[in-house]
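Enquirer: What follows is a predicted protein model with its sequence.
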Amino acid sequence: MGGGSRVSDEGAALLAGVDRAAFAVALAVRLRKSGVVVGTTATQAFARALGTWEPRSIGMLYWMARVTLVQRQADLESFDAVFRAVFCATGLALDPAARRGSGPAGAAAARGSYRSVPGAAAVEVAGDGLPWATLPAAVAPADGDEAPLDLPERLPSRLSAVADVPFERLDPADLALLGDWLAEGLRQWPTRPSRRWDPHHSGRRVGLRPTMAAARRTGFEPVALVRTRPRRRPRRVVMLCDVSRSMQPYVAAYLHLQRAVAVATAAEVFAFSTSLTRLTAVLARTSSAEAAIEEATARVDDRFGGTRIATSLLTLLSSRHGEACRGALVVIASDGWDTDPPEAMVAAMSRLRRRAHRVLWLNPRLAAPGYEPLVGGMAAAAPYCDAVLPADRVGALGDVVRALVAGR
Amino acid sequence: MADEPERVHPDEVRRRLDRVGYLVDEGLATALALALSLGQPLLLEGEPGVGKTAAAKALARAWGAPLLRLQCYEGVTAGEALYEWNYQRQLLAIRLAESHHQTLHDADLFTEEFLQERPILQAVRCAGPVAPVLLIDEIDRADDEFEALLFEFLGEASVTVPELGTFVATRRPTVVLTSNRSRDLHDALRRRCLYHWIEFPDAERVVAILRRSVPAAREPLVASTAAFVGRVRTLDLEKAPGLAEAIDWLSALTVLGVAHLTRDDVERTLGAIVKTPDDGDLVRASLDELGYATSDGA
């Protein structure tokens, strides 16, 4: 860290006389409490940044804190909320989304040539209103007054509480089957060749580096050529599960399947009915299957409603997780009842088909005798699928695995 | 650690980058200034075409620093990023020694003479008057193994060659990593970096940037180009045009000698901002709503 308290040489500094280390730690503690991942290195970097130049405006402080303390885009919202609560009690909109105004063509906001942080003018410069102004009181007050913090509520959503219907539970026999399937599936997960080369006796290419390294033992005579071949990696899986009303009896089972996939491999899992919800982060937690499934259930706030499959697929493809579909196995679990027009489904599925390696559709209704995919959405989607499989019982998931592996 | 780098104020970063034709907002200026002042790597994320790579290039130009660039791809190895031994020369040296009936040892073969420097080692050993800017482009395209390979360099600005020892940078190179978020980076990598998410700039900044990037463009054309791209971005496109596409498009229109944007001009140069057939159809179908009705054509 830099020297002691380096006093600024020009103008009025925002944090004059503040213990920088205590200030940085207090802010980091507060951020951590609201769910932002802040490590010691980041806190140290923030303290060093404060020592490099004194922030002269809230805007500058905001950017210094954001660049050093936040390490992922998902945390920006929480960070903005905490920063607003701490520094701009006036409640002005701080987050970039709010500052962006009415859209790219809006152009109305007259905020000078640089986008600055509103609220800068409304902030008092004196240090005594801030809890970290003096060293002894630096951390303690920051701990005490957590209640008025205006943080986004994470779980569960109020919307979901209204339409709260318990998922059907899998019976233990089915769960055991699911576990077996996972163990079986892991052994033969579909793979793709990667660009990295591994030594292998039947490889096609001579690895210069390992050959020379081995040759050092034989007086630099390359006696044995080390051959290499491409290493194979597990192929990524993107799985979407329909949680609309018509799918209600199957949702619990599919969530278990999603969790199994998310834990086992590099997978992205989503739920959709009228909108798309990403469940990867929740389901991939290894602690407890029950807790993970419950949390995922709570996170989907529009379950058991209508279905907009095409819209959800397009949302996925244009979101930043859309890249995950490239070269992946895409598994869609839905009965194909769609309120979007079939043309939208054709557009979504053709785009998905071009991007994905294989598209697999799990339709639980397929197992019913006499069923034919005459529903508009299903009929439109079927030509773009490599396989449409019935998956109405856990036992049938074995076929799903075989279909996945077959298409490596 | 290397000696403490000089302190650079965000305003100075902004001024200097402005001089080389790259406009930055307060956030990016602060991020770059911190990267320079703290000697920490800077991880830039943002949607494609928002100027992540250009930021590093402009930084190098503004400070007159050599720019070293490492384009990442899956399977990039130490041999392409850090260093490689010149095996062919080593073998020749062995043959030569044999013909002179000399004995060779490891120490004779693994010397700097046979070391081929790759971008990261070059950045560490760079001896110029200004610390170099190292651009590690699209780190998300590399794999976990490569991220792990970077940790020593990102943390300590040093590279260890087992046969020779550890090279430590006398002046910390300014390291800029860019990512398009095609996969999540490991926490250990993020921990070692400063982080900045580049937002797509607002309309007036787009105009300012376009004006700087294509000085030959006529004034009304710049404004209508920026406005059109802004409106196209609100459509539900597979690949929304970024700043880079807007600049390309304006250059294209300028080369064609367009002074005022008409429907015809939009249609024949649409390929500069729209990159898939589906998107092209959608934009063409929306031209009326976008303010370029058929009657508008010359």
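Expert: Yep, it's here. Numbering: from 1, shown residues only, chains lettered A, B, ... in the order given.

Enquirer: pretty sure residue B:160 contacts residue B:153?
Expert: No: assessed by C-beta atoms under 8 Å, residue B:160 is found out of contact with residue B:153, at 9.4 Å. Where you see a C-beta, it was placed from the backbone N, CA and C, and this is true even at glycine.

Enquirer: which residues do those two both contact?
Expert: Residues within reach of residue B:160 and of residue B:153 at once, by C-beta atoms under 8 Å, 6 or more residues apart in numbering or on different chains: there are none.

Enquirer: Residues of the stretch 201-350 of chain A that sit close to chain B?
Expert: Counting by C-beta under 8 Å from any C-beta of the partner chain, the residues of the stretch 201-350 of chain A close to chain B are A:208-209, A:212, A:216, A:220, A:314, A:317-318, A:320, A:323-324, A:326, A:347.

Enquirer: Residue B:224: neighbour count?
Expert: Neighbourhood size, residue B:224 [other C-beta atoms under 10 Å in any protein chain shown]: 21.

Enquirer: From residue B:291, how far off is the closest residue to it other than its chain neighbours?
Expert: Leaving out its chain neighbours, the residue that sits closest to residue B:224 by C-beta to C-beta, 6 or more residues apart in numbering or on different chains is residue B:261, at 4.3 Å. Separation of residue B:261 from residue B:291 (C-beta to C-beta, to the nearest Å) stands at 10 Å.

Enquirer: who has more neighbours, the two?
Expert: residue B:261 (20 against 14).

Enquirer: With chain B in mind, check whether the one helix or strand residue A:86 maps to reaches it.
Expert: For residue A:86, the host element (DSSP states H and E) is helix A:76-87. Yes: contact of helix A:76-87 with chain B (C-beta under 8 Å from any C-beta) involves residue A:76.

Enquirer: re the thing from before, if I pick the residue nearest to residue B:224, what's in contact with it?
Expert: Contacts here follow C-beta under 8 Å, 6+ apart; on that basis residue B:261 touches B:221, B:224, B:225, B:228, B:253, B:292.

Enquirer: what do you get for residue B:290?
Expert: Contacts of residue B:290 by C-beta under 8 Å, 6+ apart are B:228, B:231, B:232, B:283.

Enquirer: what number of residues lie near the last one?
Expert: Around residue B:283 there are 21 other residues, counting by other C-beta under 10 Å.

Enquirer: Tell me the secondary structure at it.
Expert: Under DSSP: H, G, I helix; E, B strand; the rest coil, residue B:283 falls in the helix class.

Enquirer: That one: what's it in contact with?
Expert: Counted by C-beta under 8 Å, 6+ apart, residue B:283 has contacts B:232, B:235, B:237, B:270, B:274, B:290.

Enquirer: By mean pLDDT, which helix or strand of the chain comes out lowest?
Expert: This is for chain A. Every helix and strand in chain A was compared by mean pLDDT, DSSP states H and E; the lowest is helix A:158-162, with a mean of 29.

Enquirer: that's the wrong chain, I meant chain B
Expert: Between all helices and strands in chain B, the lowest mean by mean pLDDT, DSSP H and E belongs to helix B:106-109, at a mean of 80.

Enquirer: what sits up against that one?
Expert: A:216, A:220, B:90, B:93, B:94, B:97, B:163.

Enquirer: The closest residue to chain A within chain B: neighbour count?
Expert: The nearest approach of chain B to chain A comes at residue B:75, 2.7 Å away (C-beta to the nearest C-beta). Applying other C-beta under 10 Å, we find 17 residues neighbouring residue B:75.

Enquirer: circling back: just the buried members of the residues of the stretch 201-350 of chain A next to chain B?
Expert: For these, a burial check counting by 16 or more other C-beta atoms under 10 Å in any protein chain shown picks out A:208, A:209, A:212, A:220, A:314, A:317, A:323, A:324, A:347.

Enquirer: OK, contacts around the last one?
Expert: Contact criterion C-beta under 8 Å, 6+ apart gives A:310, A:314, B:278 as the residues in contact with residue A:347.

Enquirer: How about the fifth one?
Expert: Residue A:314 sits next to A:344, A:347, A:348, A:351, B:236 when contact means C-beta under 8 Å, 6+ apart.

Enquirer: By neighbour count, which of these wins?
Expert: Ranked by neighbour count (other C-beta under 10 Å), the contacts of residue A:314 have residue A:348 at the top, with 25 neighbours.

Enquirer: ok so, going back, tell me who's in contact with the residue of chain B closest to chain A.
Expert: Contacts for residue B:75 (C-beta under 8 Å, 6+ apart) come out as A:194, A:195, A:196, A:197, B:143.

Enquirer: Put the buried members of these into a ChimeraX selection.
Expert: Here is the ChimeraX command that selects the buried residues among the contacts of residue B:75 (16+ other C-beta under 10 Å):
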select /A:194,196,197 /B:143
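
Enquirer: nearest to residue B:249, of the contacts of residue B:75?
Expert: residue A:195 (33.6 Å; C-beta to C-beta).

Enquirer: what's the domain layout of chain A?
Expert: What automatic domain parsing lists as the domains of chain A is A:20-100+A:114-144, A:172-188+A:235-406, A:195-232.

Enquirer: quick one: which of these is nearest residue B:215?
Expert: Closest to residue B:215 of the domains of chain A, according to C-beta to C-beta: domain A:20-100+A:114-144, at 21.3 Å.

Enquirer: Could you pull out the helices in the stretch 251-400 of chain A for me?
Expert: For the stretch 251-400 of chain A, applying DSSP state H, counting those that start in this stretch gives helices covering A:280-283, A:289-299, A:309-318, A:342-355, A:376-381, A:397-406.
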